[in-house]
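Participant: Have a look; sequence and predicted model below, questions after that.
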Amino acid sequence: MWARAVWLAFRAPAGGRRGLTAKAGPQGSVRITAEMIEHLERLALVDFGSQEAVARLEKAIAFADRLGAVDTDGVEPMESVLEDRCLYLRSDNVIEGNCAEEVLQNSHRVVEEYFVAPPGNISLPKLDEQERFSHS
Amino acid sequence: MLGRTLREVSAALKQGQITPTELCQKCLSLIKKTKFLNAYITVSEEVALKQAEESEKRYKQGHSLGDLDGIPVAVKDNFSTAGIETTCASNMLKGYVPPYNATVVQKLLDQGALLMGKTNLDEFAMGALGSDTGGSTRNPAAHCGLVGLKPSYGLVSRHGLIPLVNSMDVPGILTRCVDDAAIVLGVLAGHDPKDSTTIQDPVKPFMLSSLTDVSKLCVGIPKEYLTPELSSEIRSLWSKAANLFESEGAKVIEVSLPHTSYSIVCYHVLCTSEVASNMARFDGLEYGHRCDIDVSTEAMYAATRREGFNDVVRGRILSGNFFLLKENYENYFVKAQKVRRLIANDFVNVFNSGVDVLLTPTTLSEAVPYTEFIKEDNRTRSAQDDIFTQAVNMAGLPAVSVPTALSHQGLPIGLQFIGRAFCDQQLLTVAKWFEKQVQFPVIQIQELMDNCSSVFENEKLASVSLKQ
């Protein structure tokens, strides 16, 4: 296994010469469309807030694109450094609980033993181009 | 007393030279005097004094709990502390009071330590000083002349540590000397049933032996860490350190970690992705900030999160969501996971070739002035500063920054040792030997306070030179 890894390593381009903090070149400059902005804001439930934030994401993507230069043929994704070990599982016995009061005490809105949320199943309104970033 | 090592203070407490209450009060007084540094978000004065009282009783009865009994400690504000506000320096958790202690906090308290307060951090530990995840124990340690230890991933429980990147986060330990770090590690390490990512192997507290003979040691110098951005001063110190080991009989060899240059990019993708997931829990319903909007759940979540998170946090959440999109998942997230394996394997290969420990710089330069620091945006800053510390988190290895020398400007510089997985004791043994060789000057707190008392009174931030 490690011999193959070494072989792969030698095949990877020698990016080291450039210095570890080489700025992102002009290759593959990404443009984020308005559709993508809306899509991401909906998924993340966090807004960009400004054009600068969009530009930052574009730079972040360009930066991430550098990974494409690495040869990862036959390499398995690594999820955890402890992948060779058995995950510890507790036995399925109830040993603690009955702490509803503690769990509820940090919420702003509680009715009896319920957390209270506003009504669901209502999509966020679509914003047109002018409205976007107006609250930045 | 405030400048001594843990062992020295512990001995003084046992011998009755000072009481826990006196020590606690001295500490509180210094905290008050240095308030302008904004190091503490919350000072838990009452709690600490009460704990001091209990510790004093134990000492009087001759039943002290151990080396940490009566010792003042501070905990970064992303560790949950029961009954004490825990904010992660974010609006999102302003006013949040956890009903439980993080496991590592509990362990410290069980040993009688005095909790002085919760220390400041970048919001959700996402600053350029890294996170507990990219070097934020080792980088500040290097800049401040302290020992900063990142234990092996899986050795110390993350239960109660508000997570940034679950597969890389590790509680870090900051102390004045290597021995102290070993003592604290001995207290904190071990399996926690509440954190299934802790290993189940039994762990015992250990006493660091004093190495006298390094002739059997093999030290590796990763050539990719010799980068043009490294300050000439640090490069020279690094070289001197390597020579020191060699002159004392150790084998010092150049090694290669070929994927080093991809480590920051890889981290960037994995971190933002995990963050996007970990920050999803902050919706204003069960805890934390909640805005007033009542129109719909989605509108409330969105507004709460806009108010609660700063730009850096929101930026990372958005980036992470981008990389996790169905159309991007393979090319970014999975690709980064593959590159992570290559990076981890680089280390495995090096350690398999007979190297015991790696010696590298911790930072590119000494601490830069604040005005300089805020010029770059966060990602650029992270990319630059975490260069030597980051790959270690990807591989889950133990690493420690040891104060080595003062720069020409009188600011501390540290060097980093990286060890094999779960060989934290061996790593610290080597670090201790090195610490003894370099004799880094101990900070004279009283002298510093006396010389700068006018500065402190004016509450102006000044760069203080430690030059003697």
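Facilitator: Structure received.
Participant: and the residue most central in space within chain A, what does it touch?
Facilitator: By CA atoms, centre = their mean, the mean C-alpha position of chain A lies nearest to residue A:44, the distance being 9.1 Å. Contact analysis of residue A:44 by CB atoms under 8 Å, 6 or more residues apart in numbering or on different chains lists B:276, B:317, B:318, B:320, B:321. C-beta coordinates here come from the backbone N, C-alpha and C atoms, glycine included.
Participant: would residue B:220 count as being in a strand?
Facilitator: Yes: counting by DSSP: H, G, I helix; E, B strand; the rest coil, residue B:220 falls inside a strand.
Participant: wait, doesn't it sit right on residue B:352?
Facilitator: No: taking contacts as CB atoms under 8 Å, residue B:220 lies outside contact range of residue B:352: 11.4 Å.
Participant: The two: who's more crowded?
Facilitator: Higher neighbour count among residue B:220 and residue B:352: residue B:220, with 25 against 11, using other CB atoms under 10 Å in any protein chain shown.
Participant: Tell me the first helix or strand C-terminal of the worst-scoring helix or strand of chain A on mean pLDDT.
Facilitator: When each helix and strand of chain A is scored by mean pLDDT, DSSP states H and E, helix A:2-11 comes last, with a mean of 39. As assigned by DSSP states H and E, the chain's next helix or strand after helix A:2-11 is helix A:34-44.
Participant: does residue B:410 belong to a helix or a strand, and which?
Facilitator: Counting by DSSP H and E, residue B:410 is part of no helix or strand.
Participant: Report the separation between it and residue B:146.
Facilitator: Look at residue B:410 and residue B:146: by CB to CB, to the nearest Å, they are 16 Å apart.
Participant: who's more crowded, the two?
Facilitator: residue B:146 (25 against 13).
Participant: give the contact list for that one.
Facilitator: Contacts of residue B:146 (CB under 8 Å, 6+ apart): B:140, B:174, B:175, B:176, B:403.
Participant: In this structure residue B:248 contacts residue B:211, no?
Facilitator: No: Residue B:248 lies out of contact with residue B:211 (CB under 8 Å); the separation is 9.7 Å.
Participant: Spell out which residues are contacts of both of these two.
Facilitator: Common neighbours of residue B:248 and residue B:211 (CB under 8 Å, 6+ apart) do not exist.
Participant: count of residues packed around residue B:83?
Facilitator: So residue B:83, with other CB under 10 Å, has 12 neighbours.
Participant: again with residue B:111
Facilitator: Neighbours around residue B:111, by other CB under 10 Å: 21.
Participant: how far away is it from chain A?
Facilitator: From residue B:111 across to chain A, the span is 23 Å (CB to the nearest CB, to the nearest Å).
Participant: re the thing from before, just flag the most distant two among the contacts of residue B:146.
Facilitator: Greatest spacing in these, by CB to CB: B:140 and B:176 (13.7 Å).
Participant: Leaving out chain neighbours, which residue sits closest to the spatially most central residue of chain B?
Facilitator: Using CA atoms, centre = their mean, the residue of chain B that lies closest to the mean C-alpha position is residue B:137, 1.9 Å off. Of all residues beyond its chain neighbours, the one nearest residue B:137 is residue B:172 (2.7 Å), with distances taken as CB to CB, 6 or more residues apart in numbering or on different chains.
Participant: any idea of the pLDDT on the one you found?
Facilitator: pLDDT, residue B:172: 93.
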